[in-house]
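> whatever this is, show me its structure:
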Amino acid sequence: MRDSVTVTARDPWLDPLLPEIRARAGDRPLLEIGCGDGIDTAVLAAAGCRVIALDQSEAALAEARARTPSAHFHCQDMRAPFPVELGGAGVVVASLSLHYFSWSETTRLVERLRDVLTPGGLLLCRLNSTEDRNHGSVGHPEIERHYYRVAGSPKRFFDRADVERLFASGWQVRTLAEEVIHRYEMPKVVWRIVADAVP
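Numbering: from 1, shown residues only. Next up is the predicted model:
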């Protein structure tokens, strides 16, 4: 479930990080988890990255393929095994895509992202904040703590303690910032995380 199909403004969150993304990716692929219609994919590919992108919506992937023909796309649940051709990734991007699952599934997925990164690999991630009231953090049936059924679909929100716990093992978190973005029709509150994979 997406917050809105309407994108009201370009979302420049990756722009200041592109020089580091290029350097850290090197000649290895960059893995994008939950690419949706490929807005970030296009930015990453234009920066010279070899992008392998996953999403479970074939309709969204059709838009992404049209936007960025040079990227490699896979229609799959992100909990399924990552594409064989990926090998080890230098960079993983997961923007607003890790919020559909139980806590145990979420922690396992983050462990798998760490495992697919080469030593010292870079993770760029955004997560729904519990302050994101415009997009479902209040007024919905609770499945488990901070995990709700929003318009019939499960959706997780994170407070600072959740994020710190999620990245407590195997990560060196360099940036953990709560911010408002304007990618959708209504402002959205997210956590932005920049982290290095550590042994």
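
> so which bits of stretch 98-111 are buried?
Across stretch 98-111, burial judged by 16 or more other CB atoms under 10 Å covers 98-101, 106-107, 109-110. Just so you know, the C-beta spots here come from the backbone N, C-alpha and C atoms, and that holds for glycine as well.

> to clarify, my last question referred to stretch 184-193.
Buried residues in stretch 184-193 (16+ other CB under 10 Å): 184, 188-193.

> quick check, nearest of the residues you listed to residue 76?
Set against residue 76, the nearest of the buried residues of stretch 184-193 by CB to CB is residue 193 (23.4 Å).

> that closest one touches residue 163, doesn't it?
Yes: Residue 193 lies in contact with residue 163 (CB atoms under 8 Å); the separation is 6.6 Å.

> for residue 97, helix, strand, or coil?
coil (DSSP: H, G, I helix; E, B strand; the rest coil).

> ok, and the closest non-adjacent residue to it?
Leaving aside its sequence neighbours, residue 97 sits nearest to residue 34 (CB to CB, 6 or more residues apart in numbering; 2.4 Å).

> partner strands of whichever helix or strand residue 194 is part of, with direction?
Per DSSP states H and E, residue 194 falls inside strand 188-197. Each strand paired with strand 188-197, and its direction, by DSSP bridges: strand 117-128 (antiparallel), strand 171-181 (antiparallel).

> give me whichever of those strands is most buried.
strand 117-128 (a mean of 21; mean count of other CB atoms under 10 Å).

> could I get the average pLDDT for that strand?
Per-residue pLDDT over strand 117-128 has a mean of 95.

> after that strand, next one along is what?
That would be, after strand 117-128 and using DSSP H and E, strand 142-144.

> got the contact list for that following strand?
102-103, 148-149, 154 (CB atoms under 8 Å, 6 or more residues apart in numbering).

> again, only this time at 6 Å
For strand 142-144, the external contacting residues (CB atoms under 6 Å, 6 or more residues apart in numbering) are 148, 154.

> next, count neighbours for the residue nearest to residue 97.
21 (other CB atoms under 10 Å).
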